[in-house]
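> test case, fold it:
(one chain, ligands or ions: 1)
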Amino acid sequence: RKDTSLSAIAAADTLDAVEALRIDALGKQGWISQLLKTLGKMSPEERQAQAPVIQAARGEVADALAQRKQALEHAALEQRLVAETMDLSLPAPDSPRGTVHPVSQVMDELAEIFADLGFSVATGPEIEDEWHNFSALNMPESHPARAMHDTFYFPDHDADGRRMLLRTHTSPVQIRTMIEGGAPVRIIAPGRVYRSDSDATHTPMFHQIEGLVIDKDIHLGHLKWTLETFLKAFFERNDIVLRLRPSYFPFTEPSVEVDVGFAVEKGADGKDRRVLGGSGDAPGHAWMELLGSGMVNRRVIEMSGLDPDEWQGFAFGVGVDRLAMLKYGMDDLRAFFDGDVRWLQHYGFSP
Ligand code: PHE
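Model prediction:
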């Protein structure tokens with residue numbers, strides 16, 4: 001009986017088979033258990049002779065079962081490890097990747113260009129109060145320029161009774177920067193601004209970059225050089241020509257509207273596109289209005305807590321979306337905010 005058991009165990013090829021053989025030998029009704037029960041009925045002499053034989057058989061069978069079980073488990077593990085082997089040299093499947101939106105990309109590029117000129121990046125809240133957005137910029141309550149901004153006002157006033165609005169330009173960051181950090185100042189302030197306006201060239205939300213320099217003996221020449229340098233770097237052309245035109249902003253005096261010369265060229269898609277470069281007065285060229293700027297009005301410097309006899313400076317504000325359209329030849333501003341991947345792909349912004 002022992003030998004049949006042992007050879008069956010050695011041949012068992014599954015864990016279930018081993019378990020069945022264990023029950024067959026060592027289970028309650030198993031043959032070894034039955035043999036052990038017979039010991040009780042034997043005479044002492046017989047028992048003394050038989051007990052060691054039965055115990056030895058029991059030990060042998062138990063050892064064989066344990067060994068077989070371990071061998072089978074080991075083989076199963078081995079098999080699983082082989083089956084689960086990964087080939088790490090296989091190329092991974094290509095999954096769609098996100099890309100930086102053209103507006104973000106332009107803002108990053110501008111931050112880098114201005115960092116080289118020693119400007120740091122400042123920010124302010126998009127939900128502004130009337131004082132920072134208008135009054136401190138020399139636009140008191142009754143000022144007609146306020147009406148030009150098509151402002152989104154909040155219906156309720158804040159806890160301090162201030163009238164709140166969505167900032168209509170990034171210029172309030174000028175005020176905040178001067179109040180918080182004093183002078184000198186050399187910052188740009190990129191961000192979202194809001195005006196109730198919508199057509200092919202206007203969206204109710206758009207992006208501006210404000211520039212502000214406050215120091216001693218700053219003059220229009222510094223402004224012109226800064227704008228020329230940044231536009232040449234941004235458009236990667238040395239033939240950018242600017243025209244400074246007298247203008248009016250309540251927060252700058254004098255105020256300067258800056259035009260840039262361009263020519264119309266046929267793009268690869270057959271559509272006309274404006275390409276910056278050259279004087280607007282050259283044959284086949286024209287001027288395009290690009291940004292507003294000027295010397296910071298001394299009343300603004302004063303309202304920001306600085307002495308205008310000691311500190312002067314210049315400021316400018318430029319539309320980021322506008323710059324992106326010009327650089328990448330995009331023609332509908334609204335497409336910037338539709339979130340259509342095909343549009344991004346068309347302009348090479350998405351794989
Ligand atoms: N804030 C002005 C606008 O949005 C632009 C500007 C900024 C003009 C700074 C002058 C100086 O139209």
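> how about the closest residue to the ligand within the stretch 51-200 of the chain, what does it touch?
Minimum separation of the stretch 51-200 of the chain from the ligand (C-beta to the nearest ligand atom) falls at His169, amounting to 3.4 Å. Just so you know, the C-beta spots here come from the backbone N, C-alpha and C atoms, and that holds for glycine as well. By C-beta atoms under 8 Å, 6 or more residues apart in numbering, the residues touching His169 are Asn133, His149, Val193, Gln208, Glu210, Gly317.
> and the fifth one, bridged to which residues?
If I follow you right, that is Glu210. Note on Glu210: beta-bridge partners Ala189, Gly317, judged by DSSP bridges.
> that one and Asp63: what is the separation?
Relative to Asp63, Glu210 is positioned 86 Å away (criterion: C-beta to C-beta, to the nearest Å).
> who's more crowded, these two?
Neighbours around Glu210 and Asp63, counted as other C-beta atoms under 10 Å, are more numerous at Glu210. The numbers are 23 against 12.
> wait, isn't that one in contact with Ser171?
Yes. Checked against C-beta atoms under 8 Å, the pair Glu210 and Ser171 is within contact range at 6.0 Å.
> okay, the residue of the stretch 51-200 of the chain closest to the ligand: pLDDT?
As summarised for this prediction, His169 has a pLDDT of 97.
> which phi and psi does it have?
As for His169, its main-chain torsions (degrees, to the nearest 10) stand at phi -160, psi 170.
> related to what we said a few turns ago, need the max-distance pair from the contacts of His169.
For the contacts of His169, the maximum inter-member distance is 15.0 Å, found between His149 and Glu210 (C-beta to C-beta).
> shared neighbours of Glu210 and Ser171, anything?
Overlap between the contact sets of Glu210 and Ser171, as judged by C-beta under 8 Å, 6+ apart, is given by Ala315, Gly317.
> could you pull out the strands for the stretch 251-351 of the chain?
Defined through DSSP state E, counting those that start in this stretch, the strands belonging to the stretch 251-351 of the chain, from first to last, are 252-266, 272-276, 285-296, 312-319.
> so of those strands, which one's packed in deepest?
Mean neighbours per residue, mean count of other C-beta atoms under 10 Å, is largest over these for strand 312-319, with a mean of 23.
> that one packs against which elements?
The elements that strand 312-319 packs onto, with contact taken as 3 or more C-beta pairs under 8 Å, 6 or more residues apart in numbering; DSSP states H and E, are strand 205-215, helix 220-235, strand 252-266, strand 285-296, helix 298-303.
> wait, is Arg243 part of a strand?
Yes. Residue state for Arg243 (DSSP: H, G, I helix; E, B strand; the rest coil) corresponds to a strand.
> gap between the closest residue to it other than its chain neighbours and the ligand?
On the basis of C-beta to C-beta, 6 or more residues apart in numbering, the spatially nearest residue to Arg243 that is not a chain neighbour turns out to be Asp259, at 4.3 Å. Shown here: Asp259 relative to the ligand, a distance of 14 Å by C-beta to the nearest ligand atom, to the nearest Å.
> what residues does the stretch 151-300 of the chain have near the ligand?
Where the stretch 151-300 of the chain comes near the ligand, counting by C-beta under 6 Å from any ligand atom, the residues are His169, Ser171, Glu210, Phe249, Thr252, Gly292, Ser293, Gly294.
> need the pLDDT of the fourth one.
Looking at Phe249, its pLDDT is 95.
> same question, the last one
Looking at Gly294, its pLDDT stands at 98.
> surely it meets Val256?
Yes. The pair Gly294 and Val256 qualifies as a contact (C-beta under 8 Å) at a distance of 5.1 Å.
> who touches both of the two?
With contacts defined as C-beta under 8 Å, 6+ apart, the residues shared by Gly294 and Val256 are Leu223, Ser247.
> beta partners of the nearest residue to Val275 once chain neighbours are set aside?
With sequence-adjacent residues excluded and distances taken as C-beta to C-beta, 6+ apart, Val275 is closest to Glu265, at 4.9 Å. Beta-bridge pairing of Glu265 under DSSP bridges involves Arg273.
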